[in-house]
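Student: whatever this is, show me its structure:
(one chain, ligands or ions: 1)
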Amino acid sequence: MAKIINEPAHTFNEYLLIPNYSDENNIPSKVSLVTPLTKFKKGQMPKISMNIPMVSAIMQSVSGDRLAIALAKEGGVTFIFGAQPIESEAMMVKNVKSYKAGFVPSDSNVKVTATLEEVIALKEKTNHSTVAVTSDGTNKGKLLGIITSRDYRPNKTNLNVKVKDIMTPLNKLIVGKDGISLNKANDLIWEHKINQLPIIGKKGELKYFVFRKDYDEHKKYPNELLDEKKRYVVGAGINTRDYEQRVPALVKAGVDVLCIDSSEGFTEWQKKTIHWVKKNYPNIPIGAGNVVSGEGFRFLADAGADFVKVGIGGGSICITRETKGIGRGQATAIIEVCKARDKYYKEKGVYVPICSDGGIVLDHHITLALAMGADFVMLGRYFARFDESPSNKVNINGTFYKEYWGEGSARARNWQRYDLGGEQTLKFEEGVDSYVPYAGALHDNVIMSLEKVKSTMCNCGALTIKELQKNATLTLVSSTSIVEGGAHDVIQKDKTSFK
Ligand code: IMP
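Tutor: Next up is the predicted model:
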């Protein structure tokens, strides 16, 4: 007879944290959110730790290179989506690894033959105040000059005038040589009272700009996640089909950590993939999943996974539970898998971090997942809403939204994620195509969400994620107390609510 669990599986919304005693030390500014990303032996340090417990979902509408840079600045890790050609995924990884904080590749460039009218149109489109003039009109061409608003008078200068007649030419510019440190570049900016310093290569080709306005930028990001060469840390998604070609390209591009992207991870395919990576690239950590049971966890941990992702059917765009009838309430899945993780640690002395993947809707769900034992959370819908996600921003009846589609939707064409051998096609959909409300810059939102996490941790008397996991008291709530938890029995003046 089948094994039947008669206890219901619960979701985050069915739990609350009961505050513990907090003393004067329990203030948000003292909370550390540092957390392991990869496994470690008792008494040792993980190869990679994060400064915040957030990673981004391996999805086309979420995790491109722009989001990766923005999230690494905050202290988390992006897993670049794997459902794209190997070369373009590797290129995204390379873009993150070659990104130099403070050194900005020029996005607005023209040739000397462009007109002022074209320059103004370009500035309106890109919102940039500095336009580079290069030999071929690209940001890699030979630098010939720059145009800023100091070079022409709006409404006075003839719009048909050519760039070459109004630009500030190279011989009147202060420039830096490629390889200059950010400190030195900033010294030149202050010494010469300029707003931007072009950085050029050996043959005079444009490399970057350093801007005066960015001078204090690094102070905005005290949690930046950097590798030993001071480059941003970045992850990448892989599948269980083409890893022998994909992984070498990603490693060559500088990837720090891999993760198998699959809707169901308790499989022979995952084991084979992990073994291959461990044999050929023993220094590159690899996460696996997704599982929702202790048995699934142990299988992947024994196979060598460096972290294990938990969650089936809880994602906001996911219809796996409806389509296939598999899954488990996310809270119960986390609790059960974390029990198995702790048992594994006791037995083998190896701590395998757990990632809670999918279903985070309210910020406090992050705190609940951590209190239940997760070491970090993976978020799709959350990050899709920001400027930095790769999807389109659209205006529908005066309100801005971003597009967000599941990897199991027909639009994503990611059959590898649902591969069970056999034909190379997606036979039915397990995800939907949707919109999410546009929410602005990643930085502002992440700061706000984590302030809430820290505040709750203080209420629970915890200054670290470990303390929260050890000391938190969680309670299941009845359906009527869920109603009591929102504003009730009042007529709200404004429906705009803070989540
Ligand atoms: P969210 O944060 O609730 O939006 O969930 C994101 C997670 O949903 C991802 O990290 C994946 O694990 C999962 N996911 C992504 N696309 C699909 C899909 O099409 N069907 C089912 N699950 C998906």
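
Student: SS state for the residue nearest to residue 30 when sequence neighbours are not counted?
Tutor: Leaving aside its sequence neighbours, residue 30 sits nearest to residue 463 (Cβ to Cβ, 6 or more residues apart in numbering; 5.6 Å). All C-beta spots, glycine's among them, are computed from the backbone N, C-alpha and C. What DSSP: H, G, I helix; E, B strand; the rest coil gives for residue 463 is coil.

Student: can you report phi and psi for residue 463?
Tutor: phi -110, psi -10 (degrees, to the nearest 10).

Student: run a quick neighbour tally on it.
Tutor: 19 (other Cβ atoms under 10 Å).

Student: roughly how far does it sit from residue 445?
Tutor: According to Cβ to Cβ, to the nearest Å, residue 463 and residue 445 sit 24 Å apart.

Student: just residue 402 next, same as before
Tutor: For residue 402, the distance to residue 445 - Cβ to Cβ - is 13 Å.

Student: mutual contacts of these two, please.
Tutor: Counting by Cβ atoms under 8 Å, 6 or more residues apart in numbering, the shared contacts of residue 402 and residue 445 are 385-386.

Student: and those two? which has more neighbours close in?
Tutor: Neighbours were counted for residue 402 and for residue 445 using other Cβ under 10 Å; residue 402 has more, 24 against 18.

Student: quick check: that one touching residue 392?
Tutor: Yes. Contact criterion Cβ atoms under 8 Å: residue 402 and residue 392 qualify, at 7.0 Å.

Student: least trustworthy helix or strand in this structure by mean pLDDT?
Tutor: helix 217-220 (a mean of 77; mean pLDDT, DSSP states H and E).

Student: list the strands paired with the helix or strand just after that one, with their directions.
Tutor: As assigned by DSSP states H and E, the chain's next helix or strand after helix 217-220 is strand 235-238. Sheet pairing of strand 235-238 (DSSP bridges) gives strand 77-80 (parallel), strand 257-260 (parallel).

Student: neighbouring contacts of strand 235-238?
Tutor: Under Cβ under 8 Å, 6+ apart, the answer for strand 235-238 is 55, 58, 63, 77-83, 89, 93, 246-247, 250, 255-261, 273, 286-287.

Student: just the CA trace of that strand, in CSV.
Tutor: Extracted in CSV, the C-alpha atoms of strand 235-238 (Å, rounded to 0.1, in the frame of the first residue of the first chain):
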residue,chain,number,x,y,z
GLY,A,235,26.3,31.7,-10.3
ALA,A,236,24.8,30.0,-13.3
GLY,A,237,22.0,27.5,-14.0
ILE,A,238,22.8,24.2,-15.8
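
Student: centre of the chain to it, how far?
Tutor: 12 Å (Cα atoms, centre = their mean, to the nearest Å).

Student: what's the neighbour count on the closest residue to the ligand within the stretch 1-150 of the chain?
Tutor: Nearest residue of the stretch 1-150 of the chain to the ligand (Cβ to the nearest ligand atom) works out as residue 57 at 3.3 Å. Neighbourhood size, residue 57 [other Cβ under 10 Å]: 27.

Student: if we ignore the residues flanking it in sequence, what's nearest it?
Tutor: Spatially, and ignoring its direct neighbours in sequence, residue 57 is nearest to residue 380 (3.4 Å; Cβ to Cβ, 6+ apart).

Student: would you mind confirming that the one you found is in contact with residue 314?
Tutor: No. Contact criterion Cβ under 8 Å: residue 380 and residue 314 do not qualify, at 10.6 Å.

Student: list the residues that contact both of these two?
Tutor: With Cβ under 8 Å, 6+ apart, residue 380 and residue 314 have common neighbours residue 358.

Student: now do the helices in the stretch 351-499 of the chain.
Tutor: For the stretch 351-499 of the chain, the helices defined by DSSP state H, counting those that start in this stretch cover 363-371, 381-384, 442-459, 465-471, 479-485.

Student: contact partners for residue 447?
Tutor: residue 74.

Student: what does the pLDDT read for it?
Tutor: Model confidence at residue 447, expressed as pLDDT, equals 97.

Student: and what of residue 499?
Tutor: Confidence score, pLDDT, at residue 499: 51.

Student: and the protein, which residues reach the ligand?
Tutor: Residues of the chain lying near the ligand by Cβ under 6 Å from any ligand atom: 57, 59, 263, 311, 315-318, 320, 357-360, 378-382, 406-409, 430-431.

Student: what about stretch 355-373, how long is it end to end?
Tutor: 9 Å (Cα to Cα, to the nearest Å).

Student: and that stretch, average pLDDT?
Tutor: 97.

Student: let me have the strands paired with strand 235-238 in a markdown table, adding mean neighbour count and mean pLDDT as columns.
Tutor: Shown next, in a markdown table, are the strands paired with strand 235-238 (neighbours: other Cβ atoms under 10 Å; pLDDT from 0 to 100):
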| stretch | mean neighbour count | mean pLDDT |
| --- | --- | --- |
| strand 77-80 | 28 | 98 |
| strand 257-260 | 26 | 98 |
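
Student: quick one: closest of these to residue 47.
Tutor: For those, proximity to residue 47 was assessed by Cβ to Cβ; strand 257-260 is nearest, at 8.4 Å.

Student: so how far is residue 281 from the residue in the stretch 101-250 of the chain that the ligand sits nearest to?
Tutor: Per Cβ to the nearest ligand atom, residue 237 is where the stretch 101-250 of the chain lies closest to the ligand, at 9.6 Å. Distance, residue 237 to residue 281, by Cβ to Cβ: 16 Å.

Student: show me which of these two is the more surrounded one.
Tutor: residue 237 (28 against 16).

Student: now residue 262: closest residue in space that isn't a chain neighbour?
Tutor: Here the residue nearest residue 262, using Cβ to Cβ, 6+ apart, is residue 417, at 5.7 Å.

Student: surely the one you found is in contact with residue 429?
Tutor: No. Using Cβ under 8 Å, residue 417 is not in contact with residue 429, being 11.9 Å away.

Student: by proximity to the ligand, which residue of the chain wins?
Tutor: residue 431 (1.8 Å).

Student: which ones are touching the residue nearest to residue 262?
Tutor: So residue 417 contacts 83, 239, 261-263, 407-408 (Cβ under 8 Å, 6+ apart).

Student: tell me the pLDDT at the residue of the stretch 101-250 of the chain closest to the ligand?
Tutor: pLDDT, residue 237: 98.

Student: and what of the one 3 residues further on?
Tutor: Looking at residue 240, its pLDDT reads 95.

Student: next up, phi/psi of it, please.
Tutor: Note on residue 240: its backbone torsions stand at phi -90, psi 10 [degrees, to the nearest 10].
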